[in-house]
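Student: here is a sequence together with a model predicted from it:
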Amino acid sequence: MEIKVLGPGCVNCTTLEKRTNDALAVTGVAATVEKVTDFAEIASYGVMSTPALVIDDQVVVSGRVPKSDEIQALLTRS
């Protein structure tokens, strides 16, 4: 599984990255996490509001930081 955290590096982006890594540890899902700060790449996903979470090239959350249990559910739904 490939996960991307989209955002310029703000506090919310950092929080989303931490919660995502914590959710991966809890669920045991094998994944790579990449932080994307390039605005052109962020825009290529159609994201206008950051932070955003992309799982396997699909934007699943944009413009907010989901709670840990929501991220866990997103990771295990596949």
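Tutor: That came through fine.
Student: could you list the low-pLDDT ranges of this structure?
Tutor: Across the chain, the ranges flagged by pLDDT under 70 are 78.
Student: spell out the residue ranges of the strands in it.
Tutor: Listed from the start of the chain, the chain has strands (DSSP state E) covering 2-6, 32-36, 52-55, 58-62.
Student: buried residues, the longest helix anywhere in the chain. List them.
Tutor: Scanning the chain for the helix with the most residues, using DSSP state H, yields helix 11-27. Residues of helix 11-27 classed as buried: 13, 16-17, 19-20, 23-24 (neighbour count, 16 or more other Cβ atoms under 10 Å). Quick note: C-beta positions are derived from backbone N, CA and C, even for glycine.
Student: can you tell me which residues contact the residue nearest the centre of the chain?
Tutor: Here the mean C-alpha position of the chain is nearest to the C-alpha of Leu53 (Cα atoms, centre = their mean), at a distance of 2.6 Å. Counting by Cβ atoms under 8 Å, 6 or more residues apart in numbering, Leu53 touches 3-6, 16, 20, 59-62, 66, 71, 74.
Student: what's opposite it in the beta bridge?
Tutor: Beta-bridge partners for Leu53, by DSSP bridges, are Val5, Val61.
Student: quick check on the contacts of Leu53: which are buried?
Tutor: Neighbour counting over the contacts of Leu53 (16+ other Cβ under 10 Å) leaves 3-6, 16, 20, 60-62, 66, 71, 74 as the buried ones.
Student: list just the nearest of those to Ala43.
Tutor: Of all those, Ala43 sits closest to Leu6, with 9.5 Å by Cβ to Cβ.
Student: find the nearest non-adjacent residue to the closest one, please.
Tutor: Computed as Cβ to Cβ, 6 or more residues apart in numbering, the closest residue to Leu6 that is not its neighbour in sequence is Ala52, at 4.1 Å.
Student: equivalent analysis for Ser62, please.
Tutor: Nearest one to Ser62, counting by Cβ to Cβ, 6+ apart, is Ala52 at 4.2 Å.
Student: hmm, that neighbour is touching Pro8, no?
Tutor: No: checked against Cβ atoms under 8 Å, the pair Ala52 and Pro8 is beyond contact range at 11.2 Å.
Student: lovely, talk soon.
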